[in-house]
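K.L.:
Give me coordinates for this.
(chains A, B and C)
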Amino acid sequence: MVEAKLNYDQLKAVSCTGGPLLILAGPGSGKTLTITDKVARLIESFSPPEKIIALTFSEKAADEIQNRIEKKIGNATGITISTFHSFCNDLIRDFSMDIGINHGIRLISKEHSHVWSIKNIDSFNFEYIPIPIMPSDLIKNLLEGTSQFHDQLISPEELGEYVQGQLSSEGEMNVDEIDKLQKLADLAKFYHNYQKYKWNNNFIDYDDMITLACRLLERNEIVRKRIQQLYDHMLVDEFQDTNYAQLHLVHLLADGGGNLTCVADDDQCIYRFRGAYLSNIDQLGELYPSLEKIALGINYRSAEPIVKLSQELISQNPDRQEKQLVSNNGGIAPVKVVKAPNDVSEAEWVAGEICRLLDEKIVEQKDIYILTRKRADGKKFSDALKRHMVPVEYVGSLQINDLPLIQDALAYMHFVADPFNNGVAFANILFREGGTEHTLQKINIMAGKLQEMDNMQGDGIYSVLLHHLDELDLEQADLVKSILERLQELIEYKKKHLPSDTLKHLLMNITDLYRSQAHENSKNSHRNIEVLNSLVKIVEDLELIDGSAEFELVMEHLELVFDLEIEGSESTDDNTVKVMTIHQSKGKEAKVVFVCDMATRHLPLQYKSKKFTVPFKLIKGVQRDVDEKVLHLEEERRLAYVAMTRAKEQLYLVFPERYTGNVKGVKSSQFLEDIRFASNPLVELIEAEQVEEQFELDTDSPLKRKMAEQESLINMYSKQGQLTHAIESLVMLAQLKELEKSGNPDNLDFVHPELAELRVVDVSEGIVGAVVERVKGIVDRILKEDFEVREEPTCRFCDYKRICEFHET
DNA sequence: GTCGACCCTTTTTTT
DNA sequence: AAGGGTCGAC
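P.N.:
Okay, the predicted model is just below:
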C-alpha cells in the first residue's frame, strides 16, 4: 500500500516512530506526502487508526490531509484530523463540568466583542490611556493586545501583578518604559473585564478555546491521563506557526513525546503577528532532548533557478534551522525581474504578459498567481486583467460596507429604526425604487414648510409621508404610497420580532433585495446572496449583546462596528488567474507566479510598532532578545521567500519605481538588492514601458487643489451660517468631482447646458482657475434663476443627491 | 543628529 | 480623519 517512491530522507522520516521527531520540510519537499505515508504505514503496522491524531491550523489543511490519506488507504479511516481550535472546542465541551462552564457556551463574534468594548469603555476606569472620541482603533488595539497575552497563556491577574510589581519597584526606568507599563496596567483592566464578561455570559472566543483546554489538562491530572491515553500517535502540521499556548497544549497531550511528530519549516513562519512563535522549534528541542530532526532537502516543485534564487534570499536570515534545499527539476528559465516606471504601467505590463502567456498557450489561467504583500496592492492587477478580459479572481475577504446592495439594505433599516430622523435614508430608498429627483424635491419642500411652522417631528420627511402626501399631487404618488405602506408594515413588524427576523422580512418580503439576486444566476448574484446572509448573521450576533433584542439598539450597535468584513467564498476549480496576498498563497503552488510591488514600504512592509506588547520578562519559553524591527525584517524576508517558492516553472519579480499619489518615487525592494538582481546570472532583467494613464491627475494638480479648497470653504461657510456661499461651493465641488471622475465635462450638463462647452483640455495645468471661474459664474446664475429656495438652512433643498449626501455628513 | 516629508498591514480559528 | 512613527535628506 505504501508507495515506494519516497526519497531517502522522506523514508527516514516515515520510518522513524520511536521517539519525538521534527521534520524540517522546505517548500515543495513532499511534506504532505511524507505525513500521509507515515500515517498509512502506522495503520499498516496495525496501529489502531482511532488512536492517531493530526492537528493543523486551518480547516483547509485538515481537509487536505484527510483527502490524501483517504486516497491512500480508503475511506472511514477513523483517524482524528482536526484543527487546534476545533479539537480544543470539543475538549472543552466534553469536560465542561470539570472546567466549571455551562455546556451551552457560545462563540462570541468579533463584532460582538468590539461593540461590547466600545459601549463599556468608560467603565474600565483607565488611568493612563486617554479615550478618544472614536474609540474604534483603541478597541482594536486592546483586543489585539489581550489576544497576545492569551497566546502566551498569561492571565489578566498575572499581567496585573507583573505591572504593579514593576511600577512599585525602585529600579531605574526611563519615561518610555514607565509609560508602557502604565498602559499595560490599563490593558490588564480591560483584559480582566473582557474575560469576566465572557465568563459571566457564557461566551468564549477562539483564544479561550486554547487557553481553557490548556488549563483543563494542566490542572486535572485525571482528564489529562485519559486524553493522553486516547492517542498513540500525534502529528502536528505547520509547527512553525504555533504560538506558545499551542506548543504547551501539544506538550500536555504528548505524554513524554515518544509519540510526537511535528512538521515545520522555520523559513515559512509568517504569522508572528498572531503569536506564531519561531523559537517554539528550539523550545521543542529543550522539552524533548531526544528529539530527532530530519530535514527534507529536495524540492520537487520549482525549477532550479527559482530554488537557487530563493535560497540566496532566505540564507540571509540568521539563526535558521540547518538545512539546504536543492531542486530536483532542472529547468534553466531565469527568474524575470521586471522594472516598471510606475504602478499603472506595472499592472498593465503584468496583464499584457499574462495575455501573451495565454495566447501562446503556454499555460492556462488557473496556472497563474499574482501575489502582493497587502491585499490592496492586488487591486490594480485584478482591474487590469478585467480590462483585458482575462478571467480573474481577487481572493480574500470582502469589505461589505460600501457595496450598494448593503447600503440599500441599511437605508431601509435606518429608516425603520427611526423614521422621523432618516430623511436621507428615505431618499436612498426612493431613488432605489425608481423615484425621481423631482419627487424627492417636492417632499423636501413640504418638509421644509412644516419645519418653518414647527409642526413636525424630526426632519419632517416622515410627517409629510404620513399626513400630507395627497396635498403634494405627485406624479409618482402610487410609488411613494407603496414604499410608505411597506415601510410602515416593517415598523410594525419590528415591534414583535427579533431584529434579525425583521431584517429577513425586509430582505425577503418587503423588498426585492433578496429575490432579485436569487432569480439571477450569475457569479455576482451568488456573492451578493452571501453578503446578505452575512449581514443577517452579523445582526444575529449583535442581538446577543446585553441580551437586548431591540431593533433600534441593534442598529446603534451596527453603527459601532467599524468595518464589516466577510470572507470571500473561495471558488475551487475555476479556471481563473488568482490575485491574492502572500499569506493566502501559503501552501499553494502555480506554474507561473508574479510577485508584485517588490518595492520599499510594500514588500518589506514598513515597520510599525504595536500598541501593546508582551514585556520581555513575561514571555514564556525560549526567546531571542532581538529588536522588534529586526524580527520584522526577517519575517518580511520569509514572506518574500514564501512568495517566490510558490512558482513551479516561471517566476516574475515585479516592481514600480513610482506610485500614483506619491510625490516621491520608490526604490526597489531591499530583497531584490539582497539577491543582487542587477547582476545575478539567475535573473533576466526586463524594463516595462510607460503606459499613458487615462486621466492623469496627481494630488497636487490644480483640480485636486481646487477641490480641497472648496471643501474647506464649505466647512467654513456652513459653520458661519453663510449658506448661499456654502451651497455655491457645494455645487462647484460636485462639478469638480464629476469632472475628475469622467474627465469629460459633457456629463455636466445635468446642471446647465453651458457647462457642456467646457473641454477636457481646459482642465490641464493653469487653466483650471479660468474653468472654475466659469463654473462659478454659471452656478451663480443658476442659483439666482431657479433655485432661490436653496437658501434654506439644509441641503434637503438642493436638487442633487450627491450634494445632499455630502452636506449631510 | 535633527528636521521635515511622507505615509498609514498581514489574518486563522466553531456549531 | 489624523497624529504618530519612520526614514531620508541635510
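K.L.:
From A:Gln584, how far off is the closest residue to A:Lys586 other than its chain neighbours?
P.N.:
Residue nearest to A:Lys586 in three dimensions, not counting chain neighbours: A:Val642, with 5.9 Å by C-beta to C-beta, 6 or more residues apart in numbering. To be clear about C-beta, it is placed using only N, CA and C from the backbone, and glycine gets the same treatment. Per C-beta to C-beta, to the nearest Å, A:Val642 is found 11 Å from A:Gln584.
K.L.:
what about these two, which has more around it?
P.N.:
A:Val642 (24 against 18; other C-beta atoms under 10 Å).
K.L.:
wait, is the more buried one part of a helix?
P.N.:
Yes. Counting by DSSP: H, G, I helix; E, B strand; the rest coil, A:Val642 is located in a helix.
K.L.:
so which residue of the stretch 501-650 of chain A comes closest to DNA strand C?
P.N.:
Per C-beta to the nearest atom of the strand, A:Ser609 is where the stretch 501-650 of chain A lies closest to DNA strand C, at 3.6 Å.
K.L.:
Show me what secondary structure element comes after the helix ranked longest in chain A.
P.N.:
Taking DSSP state H as the criterion, chain A has its longest helix at helix A:175-200. Per DSSP states H and E, the first helix or strand lying C-terminal to helix A:175-200 is strand A:203-204.
K.L.:
which residues sit against that following strand?
P.N.:
A:92, A:101, A:105-108, A:112, A:197-198, A:212, A:544 (C-beta atoms under 8 Å, 6 or more residues apart in numbering).
K.L.:
longest strand of chain A?
P.N.:
In chain A, assigned by DSSP state E, the strand with the most residues is strand A:647-656.
K.L.:
Output that one as PDB - backbone C-alpha positions only.
P.N.:
The C-alpha trace of strand A:647-656 is given here as PDB (Å, rounded to 0.1, in the frame of the first residue of the first chain):
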ATOM      1  CA  ALA A 647       6.300  29.100  -8.500                       C
ATOM      2  CA  LYS A 648       6.800  25.900 -10.300                       C
ATOM      3  CA  GLU A 649       8.100  26.900 -13.800                       C
ATOM      4  CA  GLN A 650       8.300  30.700 -14.100                       C
ATOM      5  CA  LEU A 651       8.800  33.400 -11.500                       C
ATOM      6  CA  TYR A 652       8.400  37.100 -12.100                       C
ATOM      7  CA  LEU A 653       9.500  39.700  -9.500                       C
ATOM      8  CA  VAL A 654       7.900  43.000 -10.400                       C
ATOM      9  CA  PHE A 655       8.300  46.500  -9.000                       C
ATOM     10  CA  PRO A 656       7.300  50.000 -10.000                       C
END
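K.L.:
what lines up beside it in the sheet?
P.N.:
The strands beside strand A:647-656 in its sheet (DSSP bridges) come out as strand A:335-340 (parallel), strand A:590-595 (parallel).
K.L.:
Can I get these in CSV including mean neighbour count, mean pLDDT and distance to DNA strand B?
P.N.:
Formatted as CSV, these follow (neighbours: other C-beta atoms under 10 Å; pLDDT from 0 to 100; distance: least, C-beta to the nearest atom of the strand, whole Å):
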stretch, mean neighbour count, mean pLDDT, distance to DNA strand B
strand A:335-340, 22, 92, 16
strand A:590-595, 24, 94, 14
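K.L.:
could you redo those as JSON lines and give each row distance to DNA strand C?
P.N.:
Listed next are these as JSON lines, based on distance: least, C-beta to the nearest atom of the strand, whole Å:
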{"stretch": "strand A:335-340", "distance to DNA strand C": "18"}
{"stretch": "strand A:590-595", "distance to DNA strand C": "20"}
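K.L.:
For the stretch 51-200 of chain A, which segments count as helices?
P.N.:
Applying DSSP state H, counting those that start in this stretch to the stretch 51-200 of chain A gives helices spanning A:59-73, A:84-94, A:96-99, A:110-120, A:136-151, A:156-168, A:175-200.
K.L.:
Now find how far off-centre the second one is within its chain.
P.N.:
The gap between the average C-alpha position of helix A:84-94 and the chain average comes to 26 Å, counting by C-alpha atoms, centre = their mean, to the nearest Å.
K.L.:
quick one: contacts of it?
P.N.:
Looking at what lies outside helix A:84-94 - C-beta under 8 Å, 6+ apart - the contacts are A:53, A:55-57, A:59, A:80, A:82, A:99, A:101, A:103, A:105, A:204, A:206, A:209-210, A:212-213, A:216, A:227, A:246, A:249.
K.L.:
Mind checking which of the residues you listed are buried?
P.N.:
Taking 16 or more other C-beta atoms under 10 Å as the criterion, what is buried in the contacts of helix A:84-94 is A:53, A:55-57, A:80, A:82, A:99, A:101, A:105, A:204, A:206, A:209-210, A:212-213, A:216, A:227, A:246, A:249.
K.L.:
restrict the residues you listed to contacts with DNA strand B.
P.N.:
A:57, A:206, A:209 (C-beta under 7 Å from any atom of the strand).
K.L.:
The residues you listed in strands, which ones?
P.N.:
Judged by DSSP E, strands contain none of those.
K.L.:
how about those in CSV, adding distance to A:Ala688?
P.N.:
Shown next, in CSV, are those (distance: C-beta to C-beta, whole Å):
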residue, distance to A:Ala688
A:Phe57, 37
A:Tyr206, 43
A:Met209, 48
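K.L.:
Any idea which of these the model trusts least?
P.N.:
Within those, A:Phe57 has the lowest pLDDT, namely 89.
K.L.:
how about A:Ser29, what does it touch?
P.N.:
A:296-300, A:325.
K.L.:
Out of the residues you listed, which comes closest to A:Asn524?
P.N.:
A:Tyr300 (38.7 Å; C-beta to C-beta).
K.L.:
in terms of contact, does A:Ile178 touch A:Leu167 like I think?
P.N.:
Yes. Using C-beta atoms under 8 Å, A:Ile178 is in contact with A:Leu167, at 7.3 Å.
K.L.:
Quick one: distance of whichever helix or strand A:Ala245 is part of to the chain centre.
P.N.:
Using DSSP H and E, A:Ala245 falls within helix A:244-253. In this view, helix A:244-253 has its centroid 28 Å away from the chain centroid, taken as C-alpha atoms, centre = their mean.
K.L.:
measure A:Glu50 to DNA strand C for me?
P.N.:
50 Å (C-beta to the nearest atom of the strand, to the nearest Å).
K.L.:
and that residue, backbone torsions?
P.N.:
The phi/psi pair for A:Glu50 (degrees, to the nearest 10) reads phi -70, psi -10.
K.L.:
Around DNA strand C, pick out the residues from chain A.
P.N.:
Selection of chain A residues close to DNA strand C by C-beta under 7 Å from any atom of the strand yields A:600, A:606-609, A:629.
K.L.:
which one of those is nearest A:Leu618?
P.N.:
Nearest to A:Leu618 among those, counting by C-beta to C-beta, is A:Ser609 at 17.6 Å.
K.L.:
For the nearest residue to that closest one once chain neighbours are set aside, give me its contacts.
P.N.:
Once flanking residues are discounted, A:Ser609 sits nearest to A:Glu628: 6.6 Å by C-beta to C-beta, 6+ apart. A:Glu628 makes contacts with A:607, A:609-610, A:613, as judged by C-beta under 8 Å, 6+ apart.
K.L.:
Over to A:Arg224?
P.N.:
Contact partners of A:Arg224, counting by C-beta under 8 Å, 6+ apart, are A:217-218, A:252.
K.L.:
Render the CA-only coordinates of the host helix or strand of it in PDB, please.
P.N.:
Using DSSP H and E, A:Arg224 sits within helix A:221-230. C-alpha atoms of helix A:221-230 as PDB (Å, rounded to 0.1, in the frame of the first residue of the first chain):
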ATOM      1  CA  GLU A 221      -4.500  15.100  36.000                       C
ATOM      2  CA  ILE A 222      -7.200  12.500  35.600                       C
ATOM      3  CA  VAL A 223      -8.500  14.200  32.500                       C
ATOM      4  CA  ARG A 224      -5.000  14.700  31.100                       C
ATOM      5  CA  LYS A 225      -4.100  11.000  31.600                       C
ATOM      6  CA  ARG A 226      -7.400  10.000  29.900                       C
ATOM      7  CA  ILE A 227      -6.800  12.200  26.900                       C
ATOM      8  CA  GLN A 228      -3.200  11.200  26.600                       C
ATOM      9  CA  GLN A 229      -4.200   7.500  26.500                       C
ATOM     10  CA  LEU A 230      -6.600   8.200  23.700                       C
END
